[in-house]
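Visitor: any chance you could fold what I've pasted below:
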Amino acid sequence: MSTIAGGSTTIRRAHGVLAGILDTAVQDRRLVRNVARDISFPPKVRTARRHYLDHAQVQALADHARHSTLVLFLAYTGLRWGEATALRVRHVDTLRRRVKVEENAVLVSAEVHVGSPKTHRSRSVPYPEFLALPLAHLAEGKTRDELLFGDGTTHVRIPASRNGWFTAAVLAAQTADPDFPRITPHDLRHTAASLAVQAGAHVKSVQRMLGHASAAMTLDVYADLFDDDLDAVAAALDQAKRSANVVSMLSRD
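Guide: Numbering: from 1, shown residues only. Sure, this is the predicted structure:
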């Protein structure tokens, strides 16, 4: 029997692709059921340590990056790389300061393939006002159907991990700040979640922004970001109890 070479993440991806193919076969009535969906083997993926940048660190990274607006956009919207680089000018609603995520650009064997977002659902994601002018500059001179980021026709590819422009920006930021973490572009998505939670965003809002299937998934992925919320709940309950005791004492008087 053949085996799949690679780590647990590779195996999970291969299993997901196979399951998707067999789902289609079931829908076409070529198979009675999808046996891949009955398999519970996919090994648990060891969760890598997440890095959350603060506002100053995000700006420092953007200042050193070739695509500075893209860095800021990823860090303040939480879009996946493929979702952001697949945005077209027509997807930007400048009045509401929203972008509509309808496409996802994925690099497969050195070729970019455009499909639907990861959850196969479009979503509307807000962006902060300070990004309005930079995004307008990116859209200037382009048609509605041209890509927002890059030259309008070619998707901006995810930079090489060893010597790409993103790594160069990280190294430059680390030179200025030794405590600056070694991050990847995907850490900007984590950063967006962190900054949103710090700003007081509700978990449902974070879920919609990130495009997670459910709020439960958001809580599972970013449980550490909501620890302060738990402390706040305990403090609120304590205050409520104290207030109730005072009311009870006053009523007896």
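Visitor: how far away is Ala60 from Arg49?
Guide: Per CB to CB, to the nearest Å, Ala60 is found 20 Å from Arg49. Every C-beta, even on glycine, is put in place using the N, C-alpha and C of the backbone.
Visitor: correction: the previous question concerned Leu219.
Guide: Where Arg49 is concerned, Leu219 sits at a distance of 19 Å (CB to CB).
Visitor: out of the two, which sits in the busier spot?
Guide: A side-by-side neighbour count of Leu219 and Arg49, using other CB atoms under 10 Å, places Leu219 first with 15 against 6.
Visitor: how about the nearest residue to the more buried one, chain neighbours excluded?
Guide: The shortest distance from Leu219 to any non-neighbouring residue, by CB to CB, 6 or more residues apart in numbering, is to Val203 (6.1 Å).
Visitor: kindly report the same for His67.
Guide: Nearest residue to His67, sequence neighbours excluded (CB to CB, 6+ apart): Val156, at 6.5 Å.
Visitor: residues touching the one you found, list them.
Guide: Applying CB atoms under 8 Å, 6 or more residues apart in numbering to Val156 gives the contacts 67, 70, 85, 147, 149-150.
Visitor: please convert the buried members of those into PyMOL selection syntax.
Guide: Selecting only the buried entries of those in PyMOL, with 16 or more other CB atoms under 10 Å as the criterion:
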select buried, resi 67+70+85+147+149
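Visitor: now the contacts of Val156 as TSV including secondary structure, distance to Val17 and pLDDT?
Guide: Formatted as TSV, the contacts of Val156 follow (DSSP: H, G, I helix; E, B strand; the rest coil; distance: CB to CB, whole Å; pLDDT from 0 to 100):
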residue	secondary structure	distance to Val17	pLDDT
His67	coil	30	97
Leu70	helix	28	98
Thr85	helix	22	97
Leu147	strand	27	98
Phe149	coil	28	97
Gly150	coil	28	96
